[in-house]
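> Sequence first, then the predicted structure, then my questions.
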Amino acid sequence: MKITTWNVNSLGVRLPQVLDWLASTPVDVLCLQELKLTEDKFPLQAMQEAGYPHCAVFGQKTYNGVAILSRHPLDEVQRNIAGFEDEQARVLGVTVHAPGGSLRVVNGYFVNGQEPGSEKFAYKMRWLEGLRLWLSMEIALPRPLVLVGDFNITADDRDTHDPVGLHETIHHTTEERQAFAGLLGLGLIDAFRMFEQPEKSYSWWDYREMAFRRNKGLRIDHILVSEALKDKVSACTIDRQPRKNERPSDHAPVTVELVI
DNA sequence: ATGACGCATCGAATGCGA
């Protein structure tokens, strides 16, 4: 079973690329972030025709918005973090009922934070603590959990092309990395780091200055799995191919493969 | 470096992303 996370930076613009990608990479569950559209504009029919009849959508105009497309039935849809008031559509939790068993999938478009010390950064830290508290309850339930999304955090210096120049800047601060570690502390494991990976593996590259061609990127899109899934993860990979498209998203899709 | 690039917005200059 394959689960993918992909920040598409406007589904309206990226839909043809998403459909192309799914045609060549038929994953079981696709978690999208930054739809930048409302639920009524979500291309439900196109997704159904692509083989994803089960969709949960939490949209928002202009900014944010998340969705989960699935080949398998899903239910228990949670919009945003339980117990955390939020104006912005950033989180979608569902239970996917795959043939090999059911699992909880939480898809998040984490707060960017703009700049350490700013009001947006304070919101990011509050949001992260709200997420940790909610997931501490989710993870206590007797079912496997997968947390995916655009975390907007580098877990450590391996995740950045410039650890010195970007030291303590946004996505690299000690506070953000402690919050990431706090999620691991719940009993979640960074699936990507379970395997030997190429040096300088990133999931996002700035549109400017030919950052992709020069591989000046960050790994900020992550997949964390609960302990029960630890021995069932067979691969976790970043697909750089869609970043080479014309008019690509600035993020690449990240996929985890589970033997269930 | 108040930059770059791309997307969105009631119309073009600005907010935001990361």
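All right, it came through fine. Residues are numbered from 1 along each chain as shown, chains lettered A, B, ... in the order given.
> which helices and strands sit right next to the strand or helix carrying residue A:15?
If you go by DSSP states H and E, residue A:15 is part of helix A:11-24. Helix A:11-24 is packed against strand A:29-33, with contacts defined by 3 or more C-beta pairs under 8 Å, 6 or more residues apart in numbering; DSSP states H and E. (Each C-beta comes from the backbone N, C-alpha and C, glycine too.)
> Could you rerun that using 10 Å?
When contacts are defined as 3 or more C-beta pairs under 10 Å, 6 or more residues apart in numbering; DSSP states H and E, helix A:11-24 packs onto strand A:2-7, strand A:29-33, helix A:44-49, strand A:66-70.
> Distance from the last one to the middle of the chain?
Okay, so that is strand A:66-70. 11 Å (C-alpha atoms, centre = their mean, to the nearest Å).
> by how many degrees do it and helix A:11-24 diverge?
20 degrees (axes from the mean of the first three to the mean of the last three C-alpha atoms, to 10 degrees).
> ok, and does strand A:66-70 reach over to DNA strand B?
No: on the criterion C-beta under 7 Å from any atom of the strand, strand A:66-70 is out of touch with DNA strand B, staying 11.9 Å away.
> Buried residues, that strand. List them.
A:66, A:67, A:68, A:69, A:70 (16 or more other C-beta atoms under 10 Å).
> strand partners of the next helix or strand after it, parallel vs antiparallel please.
The helix or strand immediately downstream of strand A:66-70 is strand A:74-79, counting by DSSP H and E. If you go by DSSP bridges, strand A:74-79 pairs up with strand A:91-98 (antiparallel).
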